[in-house]
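Have a look at this fold, sequence not included:
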Ligand code: FES
């Protein structure tokens with residue numbers, strides 16, 4: 001799934017604390033995901049318009065993010081508002097970081113470049129319990145090859161989401177294509193933390209780790225599941 005055509009998962013909401021930022025890659029496109037102090041998440045191009053420093057290295061100050069290199073500050077709309085070397089300058093409107101649509105749903109931060117696409121939704125799910133994000137050195141096709149081995153226990157629910165039915169639980173797995181050879185999985189349990197936090201989170205985090213090891217194993221997945 002590309003950002004141009006649909007909503008793409010880029011982070012677990014629980015890992016993005018207010019006042020922090022992180023970098024992510026979607027099919028080679030570098031983005032910054034940051035949360036302002038009021039709790040709103042933002043997804044932008046990960047490049048400062050000044051000299052190209054990654055915005056994900058910057059510092060969040062309230063509802064602004066400041067570039068690490070020369071301290072230019074950008075508001076939540078991506079507009080540069082303050083240049084420390086020229087504190088009295090009225091900053092030109094043209095100095096702006098490209099911003100993308102973003103939404104948080106089912107404990108995951110999503111983004112898109114499409115104004116027409118609909119953010120994935122699992123009907124009837126009000127609460128989720130975060131498990132983890134895991135980055136795997138394998139193509140999305142290889143990931144699907146292994147998940148399809150679960151048969152009826154795994155089903156795709158959209159172009160970038162699937163559900164694994166296991167141990168009486170439902171795991172939502174959201175797929176982020178980092179590159180042709182790297183895939184990120186963002187995993188949550190469908191259900192309230194009051195029922196799922198603790199041992200289940202640990203159990204499914206270990207399952208995700210085992211999946212990663214299997215996919216990165218020198219044994220060809222195709223031979224293993226044939
Ligand atoms: S590169 Fe960002 S402020 Fe200079």
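Good, I have the coordinates. For clarity, every value in this text was computed on a predicted model and none was experimentally measured. Numbering: from 1, shown residues only.

Residue 108: what's it in contact with?
By C-beta atoms under 8 Å, 6 or more residues apart in numbering, the contact set of residue 108 is 9, 11, 12, 13, 172, 174, 186, 188. Any C-beta I mention is one placed from the backbone N, CA and C, and that applies to glycine too.

repeat that for 10 Å
Residue 108 makes contact with 7, 9-14, 119-120, 128, 130, 133, 161, 172, 174, 176, 186-188, according to C-beta atoms under 10 Å, 6 or more residues apart in numbering.

Put the buried members of the residues you listed into a ChimeraX selection.
A single ChimeraX command selects the buried members of the contacts of residue 108 (16 or more other C-beta atoms under 10 Å):
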select :7,9,10,11,12,13,14,119,120,128,130,133,161,172,174,176,186,187,188
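
Inside helices: which ones of the contacts of residue 108?
Nothing among these maps onto helices, per DSSP state H.

Which pLDDT value goes with the residue lying farthest from the centre of the chain?
The centre of the chain is farthest from one residue, residue 88, which by C-alpha atoms, centre = their mean lies 37.2 Å away. Per-residue pLDDT puts residue 88 at 97.

before we move on, what about residue 210?
pLDDT at residue 210 comes out at 95.

Name the SS class of residue 159, please.
Under DSSP: H, G, I helix; E, B strand; the rest coil, the three-state class of residue 159 is coil.

which stretches of the chain have low pLDDT?
Residues of the chain meeting the criterion pLDDT under 70: 220-226.

any idea which helix is longest in it?
helix 199-216.

circling back: give the helix, strand or coil label for the residue farthest from the centre of the chain.
coil.

Show the contacting residues for the nearest residue to residue 184 once chain neighbours are set aside.
Excluding the flanking residues, the one nearest residue 184 by C-beta to C-beta, 6 or more residues apart in numbering is residue 176, at 4.0 Å. By C-beta under 10 Å, 6+ apart, the residues touching residue 176 are 1, 8-11, 24-27, 108, 110-111, 133, 135, 140, 160, 182-186.
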